[in-house]
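Trainee: the sequence and its predicted three-dimensional model are supplied below.
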Amino acid sequence: MPIEVHKPGLSTTLQDAGRNGYYDVGIPPSGALDQYALTAANHLVGNPPHAAALECVYMGPELSFTEPATIAVTGAELSPRVNGEARPLWESFPVAAGDVLDFEFVKAGARAYVAVAGGIDGPVMLGSRSTYGLGGLGRPLAAGDLLPIGPGSSTTAGRVIPESLRPVLSKEVEVRVVMGLYDHVLAPQGRADFLDTTWTLTPVADRVGFRYKGSELELIKRTPPFGAGQDPSNIVDAPYPIGSIQVPGGIEPIVLHRDAVSGGGYMMIATVISGDLDVVAQSAPNTRTRFVEVSLDEAMAARRDYRQRSQRLADLFT
Amino acid sequence: MPRHEVVSPIPGVFYRRPDPNSPEYVKPGQTVTADDPVGLVEVMKSFHPVPAGVAGAVVDFVAEGDSVVDAGQVLVILEVEG
């Protein structure tokens, strides 16, 4: 059992590419909220790109190693320390048996990923090692937990992701969205205000959803359709895409992320494009956010760019 | 006397009271031990006490109660004992 958890951090979970294919029965994909950072961390330690790693939100854990290992930390600027000595982000480095890994305060971003050569060999549940705490599929780390590591090589220490392939973390971000499917419930002024407002992320932001405040959106006057609730933002229940933005009551938009419920009765006025879900994932409370409308074609082009960027990570070390 | 800045380890909402009906954890002038909480930070629906970290006397609150703070932001200034 090579890794022992001394302190769990705020909410540290095991995450991989996610559990795809069960959303129709209410089980969300889960997986790393910032998939690019997960992939980068895995490449640095020679793992398959979607091996399971630790997702640490806002505050890192304190871990010790009982065997030598190669590790890497990516994502948020949550700088690692080994036995109190600083180690770099976006680079793989060795740890020896007995070494203690902990972290400084987060300086930018929200979620860091800790990959270990060999991957963290948690139980596979419905095809994934990802934690979905709300659904009882795994739970956040607790003090005293022992994390098994899969077989892996320890020869990749010293790998570096170049600056050009590291995301820029900012407290002011733009998040691209495709409008719909229920934006017709917004009055023209409400629609304009959604796109013109600089929204602020509230502390109500977790793996399920990210809640923003900034302005109140005007909705059209209508009689709710049969089967919908009485709130003007209610719709007849519909499936919620990951990244969809619902605005209960026309106030405080919520961006659903990878642990979201699969459906419900709030209008979704827009959906964050897949390529920008990582930007949401790295938003900490107070992040000032503009939602920028793009067409479906532009969203598809952005997805191609995102995949090419991920491929460049893979190409670095082959 | 040396001063110690108590910083928030996480981003969230800073509270000076354990709950709205209780008195504040500490007030300026009060002495604290290293383990005494000086406030709470709420994020992701959970509350995390922030200990003073050192024994000393509370000089001033830098962050306002019920305000959103960043990780690493100074909450309270202490005057360290001895």
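Mentor: Ah, there it is.
Trainee: for residue 46, grab the count of nearby residues.
Mentor: Just going to use chain A. Using other C-beta atoms under 10 Å in any protein chain shown, residue A:46 is surrounded by 21 other residues. Every residue, glycine included, has its C-beta placed from N, CA and C.
Trainee: my bad, the chain I had in mind was chain B
Mentor: Residue B:46 - counted by other C-beta under 10 Å - has 12 other residues nearby.
Trainee: list the contacts for it?
Mentor: Residues in contact with residue B:46 (C-beta atoms under 8 Å, 6 or more residues apart in numbering or on different chains) are residue A:10.
Trainee: now do 10 Å
Mentor: Residue B:46 makes contact with A:10, A:11, A:206, B:12, B:40, according to C-beta atoms under 10 Å, 6 or more residues apart in numbering or on different chains.
Trainee: turn the residues you listed into JSON lines, columns for distance to residue A:94 and pLDDT.
Mentor: As requested, the contacts of residue B:46 are arranged in JSON lines below (distance: C-beta to C-beta, whole Å; pLDDT from 0 to 100):
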{"residue": "A:10", "distance to residue A:94": "27", "pLDDT": "93"}
{"residue": "A:11", "distance to residue A:94": "27", "pLDDT": "95"}
{"residue": "A:206", "distance to residue A:94": "33", "pLDDT": "96"}
{"residue": "B:12", "distance to residue A:94": "34", "pLDDT": "94"}
{"residue": "B:40", "distance to residue A:94": "38", "pLDDT": "95"}
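Trainee: which regions of chain B lie under the pLDDT threshold?
Mentor: Screening chain B residue by residue with the criterion pLDDT under 70, one finds the ranges B:82.
Trainee: change it to 90
Mentor: Applying pLDDT under 90 to chain B flags residues B:1-2, B:44-46, B:81-82.
Trainee: go on, the stretch 51-200 of chain A?
Mentor: Along the stretch 51-200 of chain A, the parts satisfying pLDDT under 90 run over A:151-156.
Trainee: which of the contacts of residue B:46 tops the neighbour count?
Mentor: Neighbour counts for the contacts of residue B:46 were taken using other C-beta under 10 Å; the highest belongs to residue B:12, which has 28 neighbours.
Trainee: ok, now which ones touch the nearest residue to it once chain neighbours are set aside?
Mentor: In space, and not counting its chain neighbours, residue B:12 is closest to residue B:43: 3.3 Å by C-beta to C-beta, 6 or more residues apart in numbering or on different chains. By C-beta under 10 Å, 6+ apart, the residues touching residue B:43 are A:10-11, A:57-59, A:110, A:202-206, A:284-285, B:8, B:10-13, B:68-69, B:71.
Trainee: okay, residue B:43 and residue B:15: tell me how far apart.
Mentor: In this view, residue B:43 and residue B:15 are 12 Å apart by C-beta to C-beta, to the nearest Å.
Trainee: do the same with residue B:80
Mentor: Where residue B:15 is concerned, residue B:80 sits at a distance of 24 Å (C-beta to C-beta).
Trainee: next one: residue A:121
Mentor: Noted for residue A:121: a distance of 40 Å to residue B:15, by C-beta to C-beta.
Trainee: what sits against residue A:236?
Mentor: Residue A:236 makes contact with A:224, A:225, A:226, A:227, A:228, A:229, A:265, according to C-beta under 10 Å, 6+ apart.
Trainee: what's the farthest-apart pair in the residues you listed?
Mentor: Greatest spacing in the contacts of residue A:236, by C-beta to C-beta: A:226 and A:265 (12.5 Å).
Trainee: on that earlier part again, the contacts of residue B:46 in strands, which ones?
Mentor: With DSSP state E as the criterion, strands contain B:12, B:40 from among these.
Trainee: which one of the contacts of residue B:46 sits closest to residue A:198?
Mentor: With C-beta to C-beta as the yardstick, the closest approach to residue A:198 among these comes from residue B:12, at 20.8 Å.
Trainee: didn't the closest one look like it was pressed against residue B:63?
Mentor: No - using C-beta atoms under 10 Å, residue B:12 is not in contact with residue B:63, being 11.1 Å away.
Trainee: circling back: which single one of the contacts of residue A:236 is nearest to chain B?
Mentor: Within the set of these, residue A:265 lies nearest chain B; the separation is 22.1 Å, counting by C-beta to the nearest C-beta.
Trainee: so what's the residue count around the closest one?
Mentor: Summarising burial for residue A:265: neighbours were counted as other C-beta under 10 Å, giving 17.
Trainee: with the one 4 residues further on instead?
Mentor: The number of residues packed near residue A:269 is 27, by other C-beta under 10 Å.
Trainee: mind listing what the nearest residue to residue A:73 once chain neighbours are set aside touches?
Mentor: Nearest residue to residue A:73, sequence neighbours excluded (C-beta to C-beta, 6+ apart): residue A:80, at 4.8 Å. Listed by C-beta under 10 Å, 6+ apart, the contact set of residue A:80 reads A:56, A:60, A:63, A:71-73, A:86-89, A:91, A:93, A:95, A:101-104, A:112, A:114.
Trainee: that older thread, now, the contacts of residue A:236 that are in helices?
Mentor: Filtering the contacts of residue A:236 for membership in helices, criterion DSSP state H, returns an empty set.
Trainee: which residues of chain B fall in helices?
Mentor: In chain order, chain B shows no helices, with DSSP H as the criterion.
Trainee: which positions in it make contact with chain A?
Mentor: When proximity is defined by C-beta under 10 Å from any C-beta of the partner chain, chain B lies next to chain A at B:7-13, B:41-46, B:48, B:68-73.
Trainee: pull out the buried residues from the residues you listed.
Mentor: Buried by 16 or more other C-beta atoms under 10 Å in any protein chain shown: B:7-13, B:41-44, B:48, B:68-71, B:73, out of the residues of chain B next to chain A.
Trainee: quick check: pLDDT value at the closest residue to residue A:229 other than its chain neighbours.
Mentor: Distances taken as C-beta to C-beta, 6+ apart place residue A:265 nearest to residue A:229, at 5.5 Å, with adjacent residues excluded. The predicted local distance difference test score for residue A:265 is 95.
Trainee: can you pull the contacts of residue A:265?
Mentor: Taking C-beta under 10 Å, 6+ apart, we find residue A:265 in contact with A:224, A:227-229, A:231, A:233-238, A:246, A:248.
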